[in-house]
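1. need a 3D model of the following:
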Amino acid sequence: MNVHSSAAVPVAARRLTAEKAAGPTGDKRDLILRAATRVFAQNGFFQSQVADVARVAGVAAGTVYLYFKGKDDLLVSIFEKSMGEVIAEGRAAVAEVADPAERLRRIAHLHLGRLGRDKHLAVVFQVELRQSVKFMERFSATFLQDYLKLIREAIAEGQARGTFRQDISATTATKMFFGALDEMATNWMLSRRKYDPTTEADAVVDIFINGVTTQMTQKSLQGRR
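-> Below you'll find the model as predicted:
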């Protein structure tokens, strides 16, 4: 679980507004999901009711149940829809890229950019989804593994080419890279300073690949091997 707790989210951000979910008119299921994302982010998942989601979506409570089994299903559906989209975008972004470092850079920009465009979604992903071990176990075993696979493939390719160290676990490196992006997203979400989180993407990739030592220090360390 992330080191930041839901208590760290400003109280004002958790108060449910009466406004309807933003976005163009379209599929009612998507409308309800956008409303649920807003409600869970502002009110907290465990403090929210299906009736709250229906009110923000501008539909009857019974309409929500035509598309979803209940509140848990709404949260699962938010995760599955968002992860499905980001995995598809990630695969498209790296499909024609041969350089492993550039693939990691594109993934970093995609990761931070997607959450940076929707703060409600960021709160749901960075806080609300992590309040339950049941949800965490389910998510870790499904779409999250496919997302991590995109990162691992880039790292493993770099190792195969000899550009990345081969004496470390690609799986461990993958978790470290994801963890850095995850922390950047959480810091942005909690920050009172307004900024684009994608401005942190290049630094994350550069530090991950090159470390924090200077080039002179790196050459010195290499000379001792």
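2. now do the buried residues in the helix ranked longest in the chain.
-> Taking DSSP state H as the criterion, the chain has its longest helix at helix 71-94. By neighbour count on 16 or more other Cβ atoms under 10 Å, the buried set for helix 71-94 is 71, 74-79, 82-83, 86-87, 90, 93-94. No exception for glycine: its C-beta is placed from N, CA and C like everyone else's.
3. swap in stretch 114-130?
-> Buried, per 16+ other Cβ under 10 Å, within stretch 114-130: 114-116, 118, 120-130.
4. quick one on the thing from earlier: contacts for the longest helix of the chain?
-> 32-33, 36-37, 40, 45, 48-50, 53, 64, 68, 103, 106-107, 110-111, 114, 121, 124-125, 128-129, 135, 138-139, 142-144, 146-147, 150, 154 (Cβ atoms under 8 Å, 6 or more residues apart in numbering).
5. picking up where we left off before, redo the buried residues of helix 71-94 as JSON lines? Include distance to Val205 and pLDDT.
-> Listed next are the buried residues of helix 71-94 as JSON lines, based on distance: Cβ to Cβ, whole Å; pLDDT from 0 to 100:
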{"residue": "Lys71", "distance to Val205": "37", "pLDDT": "95"}
{"residue": "Leu74", "distance to Val205": "34", "pLDDT": "96"}
{"residue": "Leu75", "distance to Val205": "31", "pLDDT": "94"}
{"residue": "Val76", "distance to Val205": "31", "pLDDT": "91"}
{"residue": "Ser77", "distance to Val205": "31", "pLDDT": "94"}
{"residue": "Ile78", "distance to Val205": "28", "pLDDT": "94"}
{"residue": "Phe79", "distance to Val205": "25", "pLDDT": "92"}
{"residue": "Ser82", "distance to Val205": "22", "pLDDT": "94"}
{"residue": "Met83", "distance to Val205": "21", "pLDDT": "93"}
{"residue": "Val86", "distance to Val205": "17", "pLDDT": "94"}
{"residue": "Ile87", "distance to Val205": "19", "pLDDT": "95"}
{"residue": "Gly90", "distance to Val205": "14", "pLDDT": "96"}
{"residue": "Ala93", "distance to Val205": "14", "pLDDT": "95"}
{"residue": "Val94", "distance to Val205": "13", "pLDDT": "96"}
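6. ok, the closest residue in space to Tyr65 that isn't next to it in sequence - contacts?
-> Nearest non-adjacent residue to Tyr65, counting by Cβ to Cβ, 6 or more residues apart in numbering: Val50, 7.4 Å away. Val50 is in contact with 61, 64-65, 70-71, 74, counting by Cβ under 8 Å, 6+ apart.
7. neighbours around the closest residue to Thr163 other than its chain neighbours, how many?
-> Excluding the flanking residues, the one nearest Thr163 by Cβ to Cβ, 6+ apart is Pro100, at 6.5 Å. Pro100: 21 surrounding residues under other Cβ atoms under 10 Å.
8. and the pLDDT at Pro100?
-> In this prediction, Pro100 carries a pLDDT score of 97.
9. can you offset everything so residue one is 680?
-> Fine by me, first position is 680 from now on; the one you just mentioned is Pro779.
10. so what's it up against?
-> Contacts of Pro779 by Cβ under 8 Å, 6+ apart are 833-834, 836-837, 840, 842-843.
11. now it: phi and psi?
-> Backbone geometry at Pro779, expressed as degrees, to the nearest 10, gives phi -60, psi -40.
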